[in-house]
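> Just the structure for this:
(2 chains, ligands or ions: 1)
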Amino acid sequence: MSQSLSVRKDVWGDATTGKLGMWLFILIDGLSFGTLLIGGAALRAGAASWPEPGTVLNIPLTAFNTFLLICTSFTMVMALNSVQRDDQKGLVKFLLLTMLGGMIFLGIQVYEYTHFIMGSEHLGEQLAKAGMSGTKFLTTSSVYAGAFYVTTCYHGLHVFSGVIYIFCILMAAMRGRYSSQDYDKVEILGLYWHFVDLIWILVFTVIYLI
Amino acid sequence: MSDGTAHKQSFITKYIFSTDHKMIGIQFLWFGTFWLLWGGLQAMLIRWQLAYSGQPVPIIGKLLFGASDGIITPDIYNQIFTMHGTIMIFWAVTPLLSGAFANFVIPLQIGARDMAFPVLNMFSFWTFFLSGVILLASHFLPAGPAAAGWTSYPPLSTPVGGIAGHGQALWALSLTLMGIAVIMGAINYVTTVIRMRAPGMGYFQMPLTVWGIWLAAILNAVFVPIIAAGLIFLLLENVFGTQFFIAGSKATVEGGDPLLYQHVFWIFGHPEVYILILPIWGIVSDLLSVFSRKPAFGYRVTATCMCIITCLSAIVWGHHMYTTGMSPLLGKAFMFLTLLISIPSSVFFLNWLGTLWKGSLQLRAPMLFALSVVFVFGIGGLTGLYLATVTSDIYLHDSMFVVGHFHYTLAASVLMGSYAALYFWFPKMFGKMLNPLLGKIHFWGTFIPLNIVFYNMMVTGYAGQHRRLYDPYIYEFLQNLKPLNTQISWWAWLLGAAQVVLVVNLIWSLMKGKKAERNPWNAATIEWTVDYPIPHGNFAQMPTVYTGPHEYSNPAIQGRDWISQTEKLTAAS
Ligand SMILES: [Cu+2]
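Coordinates of the predicted model:
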């Protein structure tokens, strides 16, 4: 086995090479999110005015979406737990649920975007309260709008990639690829998914709540 | 796993979608060389404009700028210097160092079968390739490619009051893709060095080349995502009309800030300098040791200094922004931190001299290039002090002095270092030696003109020439710089012509070059213990490491003046 030849124990403990790679990716990706969020915060600090929370963005809807995403973190943990117990059915079930949760999250996000892009009289009134003109909330509306779109869209792309990623692992899981002896790939997927969830909580807080 | 031995591969899996780090390295080598020549040609055109302002470019002018009868117009001039900088930094030097040599050398020098993630490695190259295709395509846009300088500051780089056309959008897109490719590479290199070292290969048994490339990969991992986020801002600005960087009356709602981009750009941009130079420091440290037949002086100190510089490079970006109205206190802080870098830099520079001191110098082609790096990097480093100091920078900012300085550090040091690496590892990459005589002609043909060109650029800058003037001679006080600028141009063209020698040498040596022995330089590192062609999986038997990377002229060894890292000191004597 090439593993026994080249993998060595070191300060990183027993983490597999794949896991180490995913942690590194999470660090890298976290930095890109950090730059988007801090960039937005810097613009906000320099701006003369910034819309009050809830004037344009629908907080209850997105709070539900946040709750949903946290639930998928739970189902992801359950999926890992299942494979560790050699429960193949449970693994497939919970991966499927996680993927479904991710898809509903994206669906709600698409609904939110459509609502903004189509525009309405009511949205126009909300925008006016927030110091923007027109009846549509677009990337061109203001710096605030730009910050909203860039951060949520970047996160949405991560959820989208995550759904595809889960789908790939799910396909392999249905063929019985993983077992209690070999579940590294599921664990690495879990790392990614939890990271995407965690980042969303930050995005939700910074963009929607404060 | 069965990839320890050579196995049958089709043409496509062997040469195109290869997952073998050696083949990917060679792909990166040709990719980078192509862009190096393309960016070099653009440099020649810039020099034409500065020497013979507004006259048609001879021979190739009609072909390149047919619409203007071969004349470089101001718009075209902006595009050329923008593309020259962008290409040289991101598509020539980056693929050569963090692509070609990193890929080829890391697994072989640490004794690994391949990278930690070979498939990711393949994707890294092809993403890089795609980014290059997009950049190349942007040259053929109706309004031409990006033209806001390689730094692409807004508002010049945004549709609001900036450059016309879609060049800037494609610039941001291709650079983002390039960043993704670099990140994939960085994940691979960092993980590989942590996890795949052969038994006995501790961090302080690694060749300094691996140290340099590894630290550069860490910097890539930390700072490329930051610029990627900045480029996403810029891309949205160009494609979706966001207003992050638009201030004042042009904005629909006030709140944008063009300086934000500069901060994000330079938070990445300064470490980028070290991303390019760290591999070179490592390579040069190793080569000086090989060709002085002495252990690298202060090996641990050199490695530690490189680590310190890696950390310091993260907190000095403000020295690019002294003239943006930054608070004097902040300016002083950035100046102090920047000047602090000169301490570890000087230490390992002295270590280089220590390696050379009383060594048995062998002036073969790789050594000539490595020695020249010591010289040009010395000049590049010293002239940097004037730009790090607020008082002198305010005068020198955005002048040709800056251009001369960073060409000494990037163009001269990095390019000469890349050549050193190319001459050194070419035998292991292709099984043939590069012709030594052509190598020496190439060396002197590069080294002499290069110094004349970059030194005199600093002179013109000191005399007041701004770095991006289309026609400096419309200003009376710059008119008497015309003869000097013309001379610089002629030397620059000589420098360009000397690269033809390299191309000839590459082609000739690949076809008819002398077959390389297993270890033509009598070097101690592991890559020289395997025969060309190295099979997929590299080592028939996994190497075990017993000694450091620079066991030269050890009195305990008899009969020869080196032992390989895989040999026991006692067994060799
Ligand atoms: Cu800098």
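> does the residue positioned nearest the centre of chain A sit in a helix or strand, and which one?
Among the residues of chain A, the one closest to the centroid is residue A:196, at 3.5 Å (C-alpha atoms, centre = their mean). Element membership for residue A:196 (DSSP states H and E) is helix A:184-203.
> list the helices and strands that helix packs on?
helix A:17-46, helix A:59-84, helix A:143-174 (3 or more C-beta pairs under 8 Å, 6 or more residues apart in numbering or on different chains; DSSP states H and E). C-betas here are computed from N, CA, C, even on glycine.
> Could you name the helices and strands sitting against the first one?
Which is helix A:17-46. Using 3+ C-beta pairs under 8 Å, 6+ apart, helix A:17-46 is in contact with helix A:143-174, helix A:184-203, helix B:167-195, helix B:208-239, helix B:258-292.
> hang on, the earlier thing: how about the helices and strands packed on helix A:184-203 in TSV, adding mean pLDDT and mean neighbour count?
Output for these, formatted as TSV (pLDDT from 0 to 100; neighbours: other C-beta atoms under 10 Å in any protein chain shown):
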stretch	mean pLDDT	mean neighbour count
helix A:17-46	92	19
helix A:59-84	93	18
helix A:143-174	94	19
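> Out of the ones you listed, flag the one nearest residue B:549.
helix A:17-46 (23.6 Å; C-beta to C-beta).
> Check the offset of the closest one from the chain's centre.
13 Å (C-alpha atoms, centre = their mean, to the nearest Å).
> do stretch B:117-129 as well
Worked out by C-alpha atoms, centre = their mean, stretch B:117-129 lies 19 Å from the chain centre.
> Repeat that for stretch B:543-556.
30 Å.
> which outside residues touch it?
B:109, B:111, B:198-201, B:204-208, B:286, B:289-290, B:292-296, B:299, B:360, B:524-526, B:529, B:557, B:561-569, B:573 (C-beta atoms under 8 Å, 6 or more residues apart in numbering or on different chains).
> Could I have the ChimeraX command that selects the buried members from those?
Those of the contacts of stretch B:543-556 that count as buried under 16 or more other C-beta atoms under 10 Å in any protein chain shown are selected in ChimeraX with:
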select /B:109,111,198,201,205,206,207,208,286,289,290,292,293,294,295,296,299,524,525,526,529,557,562,563,564,565,566,567
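> and chain A, which of the contacts of stretch B:543-556 contact it?
B:198, B:199 (C-beta under 8 Å from any C-beta of the partner chain).
> hang on, the earlier thing: what mean pLDDT does the helix holding residue A:196 get?
Computed over helix A:184-203, the mean pLDDT rounds to 94.
> Buried residues, that helix. List them.
For helix A:184-203, by 16+ other C-beta under 10 Å, it's A:185-193, A:195-200, A:203.
> can you check stretch B:232-246 too?
B:232-238, B:241-246.
> Any chance of a markdown table for these, columns distance to chain A and pLDDT?
Output for these, formatted as a markdown table (distance: C-beta to the nearest C-beta, whole Å; pLDDT from 0 to 100):
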| residue | distance to chain A | pLDDT |
| --- | --- | --- |
| B:232 | 6 | 93 |
| B:233 | 7 | 93 |
| B:234 | 11 | 92 |
| B:235 | 10 | 93 |
| B:236 | 6 | 92 |
| B:237 | 8 | 89 |
| B:238 | 11 | 90 |
| B:241 | 4 | 86 |
| B:242 | 3 | 87 |
| B:243 | 5 | 86 |
| B:244 | 5 | 88 |
| B:245 | 9 | 88 |
| B:246 | 8 | 84 |
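> Which of these sits closest to residue B:370?
residue B:234 (38.1 Å).
> before we move on, back to that, make JSON lines from the helices and strands packed on helix A:17-46 and add distance to residue B:428 to it.
What follows is those, written out as JSON lines (distance: least, C-beta to C-beta, whole Å):
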{"stretch": "helix A:143-174", "distance to residue B:428": "37"}
{"stretch": "helix A:184-203", "distance to residue B:428": "34"}
{"stretch": "helix B:167-195", "distance to residue B:428": "18"}
{"stretch": "helix B:208-239", "distance to residue B:428": "13"}
{"stretch": "helix B:258-292", "distance to residue B:428": "13"}
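> Where does the stretch 351-500 of chain B get nearest to chain A, which residue?
residue B:428 (20.5 Å; C-beta to the nearest C-beta).
> State the helix or strand in which that residue lies.
helix B:415-430.
> who does that helix touch, helix- and strand-wise?
Counting by 3+ C-beta pairs under 8 Å, 6+ apart, helix B:415-430 packs on helix B:21-51, helix B:102-110, helix B:258-292, helix B:365-388, helix B:436-462, helix B:482-512.
> And the next helix or strand past the shortest one?
Spelled out, it's helix B:102-110. helix B:118-138.
> what's the angle between that next one and helix B:102-110?
Between helix B:118-138 and helix B:102-110, the angle comes out at 150 degrees (axes from the mean of the first three to the mean of the last three C-alpha atoms, to 10 degrees).
> Just the buried residues of helix B:118-138, please?
For helix B:118-138, using 16+ other C-beta under 10 Å, the buried residues are B:118, B:120-125, B:127-128, B:131-132, B:134-136, B:138.
> Check the offset of stretch B:133-152 from the chain's centre.
Its chain's average C-alpha position is 21 Å from that of stretch B:133-152, according to C-alpha atoms, centre = their mean.
> now stretch B:259-272
With C-alpha atoms, centre = their mean, you get 18 Å for stretch B:259-272.
> before we move on, what about stretch B:115-132?
With C-alpha atoms, centre = their mean, you get 18 Å for stretch B:115-132.
> Send me stretch B:88-100 as CSV with only the CA atoms.
Output in CSV follows, covering the C-alpha atoms of stretch B:88-100 (Å, rounded to 0.1, in the frame of the first residue of the first chain):
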residue,chain,number,x,y,z
MET,B,88,4.8,38.3,-17.1
ILE,B,89,3.7,38.0,-13.5
PHE,B,90,0.7,35.8,-13.7
TRP,B,91,1.1,33.7,-16.8
ALA,B,92,4.8,33.5,-17.4
VAL,B,93,6.6,33.5,-14.0
THR,B,94,3.9,32.0,-11.9
PRO,B,95,3.4,28.9,-14.1
LEU,B,96,7.2,28.5,-14.4
LEU,B,97,7.8,28.6,-10.7
SER,B,98,4.6,27.6,-8.9
GLY,B,99,3.7,25.3,-11.9
ALA,B,100,6.7,23.8,-13.7
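> host element of the residue nearest to residue B:111 when sequence neighbours are not counted?
Of all residues not flanking residue B:111 in the chain, residue B:198 sits nearest, at 2.8 Å (C-beta to C-beta, 6 or more residues apart in numbering or on different chains). Assigned by DSSP H and E, residue B:198 belongs to neither a helix nor a strand.
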